[in-house]
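> no sequence on this one, just coordinates:
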């Protein structure tokens, strides 16, 4: 999968609330009511990532979960990073209800 251009990355980020570009990756931190809610989100992320065959870096700090995505074999950001980020946003929104 080809790397996205700077303009494509900017456009994709405009449609992904909470995500920021950091170097060759995109990153978002989600906050939940407590540790258990955060872990339920992480488990849902793991299932989605396995299904997509694309895995984020995950950092868990009690009720905060930081996700970072990049396509290592492409050497930067690709459409699959943004597709998975959108899916993670939907999962986060569902967990906050």
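Structure's in. What do you need? In this text the structure is predicted, and so the values were computed from the model without any measurement. Numbers count the residues shown, from 1 in each chain.
> helices and strands of the chain: which one bottoms out on pLDDT?
Sorting the helices and strands of the chain by mean pLDDT, DSSP states H and E puts helix 79-95 at the bottom, at a mean of 95.
> Just list what that helix packs against, helices and strands only.
strand 25-31, helix 35-52, strand 64-69 (3 or more CB pairs under 8 Å, 6 or more residues apart in numbering; DSSP states H and E). (Each C-beta comes from the backbone N, C-alpha and C, glycine too.)
> Tell me the buried residues in stretch 49-60?
Residues 49, 54, 56 are the ones in stretch 49-60 that count as buried (16 or more other CB atoms under 10 Å).
> Quick one: end-to-end length of it, please.
16 Å (CA to CA, to the nearest Å).
> Could you list the low-pLDDT ranges of the protein?
96-97 (pLDDT under 70).
> Point to the residue nearest the middle of it.
The centroid of the chain falls nearest to residue 85 when counting by CA atoms, centre = their mean (3.8 Å).
> still on that earlier bit, switch the helices and strands packed on helix 79-95 over to CSV; also include distance to residue 8.
Conversion of those to CSV gives the following (distance: least, CB to CB, whole Å):
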stretch, distance to residue 8
strand 25-31, 12
helix 35-52, 19
strand 64-69, 15
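> out of the ones you listed, nearest to residue 90?
helix 35-52 (9.2 Å; CB to CB).
> Quick check: which helices or strands does that closest one pack against?
strand 57-61, strand 64-69, helix 79-95.
> Go again with 10 Å.
Packing partners of helix 35-52 (3 or more CB pairs under 10 Å, 6 or more residues apart in numbering; DSSP states H and E): strand 25-31, strand 57-61, strand 64-69, helix 79-95.
> now for the second one, which elements pack on it?
Okay, so that is strand 57-61. Secondary elements touching strand 57-61 (3+ CB pairs under 10 Å, 6+ apart): strand 25-31, helix 35-52, strand 64-69.
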